[in-house]
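> sequence-free structure coming up:
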Ligand SMILES: Cc1ncc(C[n+]2csc(CCOP(=O)(O)OP(=O)(O)O)c2C)c(N)n1
Ligand SMILES: [Mg+2]
């Protein structure tokens, strides 16, 4: 049934229908609507679950780690400072091979305090062993959350479902919300690979000597390598039931494109329009929407981007001292590819600044008209009169 | 104070839930504490252990030194991880299993106090045990907020021995109106096992046990006097044995009458103390004892 849902509630509806058993979270804007709805579901009986109102995000992740080790389906949600506070436990969750699902609302990190859209929070967690899926709209948020449980439980790795602050978390859209029995058909009850059991006592997460630690790490990578295939399988089953699929990425007009714009999140929707406008005036432009960031779809990236002349990566994030993070990863994927295209890195829309069609058009024309990028990162829309600009050399 | 008495255990199980061959140092009070605790708790127990010496004593992969399941967890998280595990068991309708968080003083007084306080405020249904060896022993004897006044550690060395008092964790827990908080000592096994029995039976809320566990390595004492030192801590009122129900109902289990010097003089970590320093410590201990005595007298429950 179609419902008009806020992006946050696309998450909480999916979590309800996934029959999650233990949840724990700590409030932070713009994640609050997700966890408020889930608290309500626990309270009014819409869900048969426990919601642990812990005293920090660090504890929220620890609590779901404890619960998942006990063999139940778990969920948490956070954003920005909260995700940063969880960092230690993010490594723990993946290395303990726990299929925890987390909604992460992309928000800027302080200082200055800023509650708006920015991807640096989740991208800074790229090395923690979490699968990361970036969503474009409310339906994709709902679908990805459901798929995340299947995927996590297949490969015994945690999954982060990432959505833009406000542009997605607080925007209302029609979302198809299926009935419980249909979801049950797609998502069976969680069968843990292992769980703590007093009849068969063993230890989880103990010391690991140099003789075994490397093999443990390698096994996590092997699980990561299974993700593309497993995601494909999950999506096939999902499509059979719901008639929708997304893939690890989506390529539009890339086959004959001279310039391909690489986008994520809600900017992909804006880019769809820009691409079609530009195509209407015969510009050879394509777009690549990246949905799966971890594991990074290196082979697909090479296939899709390899034949273009120029790639324009739009980063709503930044790794200081290097470049935008998506640009960095795209460059790394292409560097061993013979005759690979030039990669232009654009920084736009940090801390909630809009990425409008005009922003993307400016990026396109700039890329088209320049042979080679004149800098590692090209910052779009900086105000030259800002006091930070005039002081930037000091 | 008339009713002040050590609880006497009728029967102590001769079953052990610890395997021999674990890697604790000789004379380790923390190992003794676990052995006694599990005698009371039995096999339907799950241990949540954050970073601490016990994280090592429990054995490296693929070994384990306990006959009950262990969930190792990050240093600051014992209270939160145990909450999550308890919630999972509740969802699976397993009400029989006792979840126990088993943390050192660092994991309890310092880095883990926030998660612990949160769990106790929610009155989570598990037992939290702090085995207190009065420093970060696993990392090489650095001071914690459980390190007593006067002690040398590797971060309070030489003339800079610790000048601040030990944090009173049991009173902090009592202030949460926790259903049951008690101190126990490895030198008083009957009393300790009885307290674990009480804690085990008081299901439905958080129960806190503060267990004094000597550390020959960190305290610089001969291994063979480990238990003796723990006994002296009680006999000198440095570590009084008492219980608090619901944060208001105090009950003292032992009344010490020996001077603190008997306890301090035999330990390397205190050997630099002058008579004046020892006098100062005696005054502090007397003051704490007096405070405890008044709380006992002012019991709201009689
Ligand atoms: C976040 C974090 N900081 C520091 C450490 C290093 N560390 C491991 S155990 C430990 C001390 C533990 O002290 P305590 O809790 O008193 O237990 P004990 O080792 O004395 O038994 C420290 C500092 C860690 N594992 N995690
Ligand atoms: Mg210690």
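Alright, I've got the coordinates. Since this is a predicted model, take the numbers as computed values, not measurements. Numbers count the residues shown, from 1 in each chain, chains lettered A, B, ... in the order given. Ligands and ions are numbered 1, 2, ... in the order given.
> separation between residue A:145 and residue B:221?
Taking CB to CB, to the nearest Å as the measure, residue A:145 falls 57 Å from residue B:221. (Glycine included, C-beta is placed from N, CA and C.)
> Which of the two has more residues huddled nearby?
Applying other CB atoms under 10 Å in any protein chain shown to residue A:145 and residue B:221 shows that residue A:145 carries more neighbours, namely 26 against 20.
> contacting residues around residue A:236?
By CB atoms under 8 Å, 6 or more residues apart in numbering or on different chains, the residues touching residue A:236 are residue A:245.
> interface residues of chain B facing ligand 2?
For chain B, the contact set with ligand 2 under CB under 5 Å from the ion comprises B:104, B:105, B:133, B:137.
> So residue A:147 sits against residue A:235, correct?
Yes: if you go by CB atoms under 8 Å, residue A:147 and residue A:235 touch, sitting 6.8 Å apart.
> More neighbours: the two, which one.
residue A:147 (26 against 20).
> For residue A:159, see how far away that one is.
9 Å.
> now residue A:362
35 Å.
> Kindly report the same for residue B:81.
20 Å.
> So the two - more neighbours on which side?
A count of neighbours by other CB under 10 Å puts residue B:81 above the other of residue B:81 and residue A:159, at 33 against 28.
> Which helix or which strand is home to that one?
Here residue B:81, judged by DSSP states H and E, is contained in helix B:78-91.
> From the contact counts, what lies against that helix?
strand A:22-25, strand A:50-53, helix A:57-69, strand B:45-49, strand B:98-104, helix B:113-121, strand B:127-132 (3 or more CB pairs under 8 Å, 6 or more residues apart in numbering or on different chains; DSSP states H and E).
> I'd like the ones you listed as a markdown table, with mean pLDDT and distance to residue A:240 appended.
Shown next, in a markdown table, are the helices and strands packed on helix B:78-91 (pLDDT from 0 to 100; distance: least, CB to CB, whole Å):
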| stretch | mean pLDDT | distance to residue A:240 |
| --- | --- | --- |
| strand A:22-25 | 98 | 29 |
| strand A:50-53 | 98 | 32 |
| helix A:57-69 | 98 | 28 |
| strand B:45-49 | 98 | 40 |
| strand B:98-104 | 99 | 41 |
| helix B:113-121 | 98 | 43 |
| strand B:127-132 | 99 | 48 |
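> on that earlier part again, and the residues of chain B next to ligand 2, which is closest to ligand 1?
The closest of the residues of chain B next to ligand 2 to ligand 1 turns out to be residue B:104 (CB to the nearest ligand atom; 2.2 Å).
> Can you report how many residues neighbour the closest one?
Neighbours of residue B:104 (other CB under 10 Å): 34.
> Likewise for residue A:186?
Using other CB under 10 Å: residue A:186 sits among 19 other residues.
> Now do the contacts for it.
Contacts of residue A:186 by CB under 8 Å, 6+ apart are A:146, A:150, A:237, A:238, A:241, A:242.
> Could you do residue A:89 as well?
Residue A:89 sits in contact with A:58, A:61, A:62, A:65, B:74, B:77, where contact means CB under 8 Å, 6+ apart.
> is it fair to say it lies in a helix?
Yes: the assignment for residue A:89, made by DSSP: H, G, I helix; E, B strand; the rest coil, places it in a helix.
> And the pLDDT for it?
As predicted, residue A:89 sits at a pLDDT of 98.
> Please apply the same query to residue B:3.
50.
> between the host helix or strand of residue A:82 and helix B:78-91, how big is the angle?
In the assignment (DSSP H and E), residue A:82 maps to helix A:80-95. Compare the direction of helix A:80-95 with that of helix B:78-91 by axes from the mean of the first three to the mean of the last three CA atoms, to 10 degrees and you get 70 degrees.
> tell me the angle of helix A:80-95 relative to helix A:57-69?
30 degrees.
> Return the residues of chain B in contact with ligand 1.
When proximity is defined by CB under 6 Å from any ligand atom, chain B lies next to ligand 1 at B:30, B:51-53, B:75, B:103-107, B:133, B:136-139, B:144.
> From residue B:263, how far off is the residue in the stretch 51-200 of chain B that ligand 2 sits nearest to?
As assessed by CB to the ion, ligand 2 sits closest to residue B:104 within the stretch 51-200 of chain B, at 3.7 Å. Note on residue B:104: its distance to residue B:263, by CB to CB, is 21 Å.
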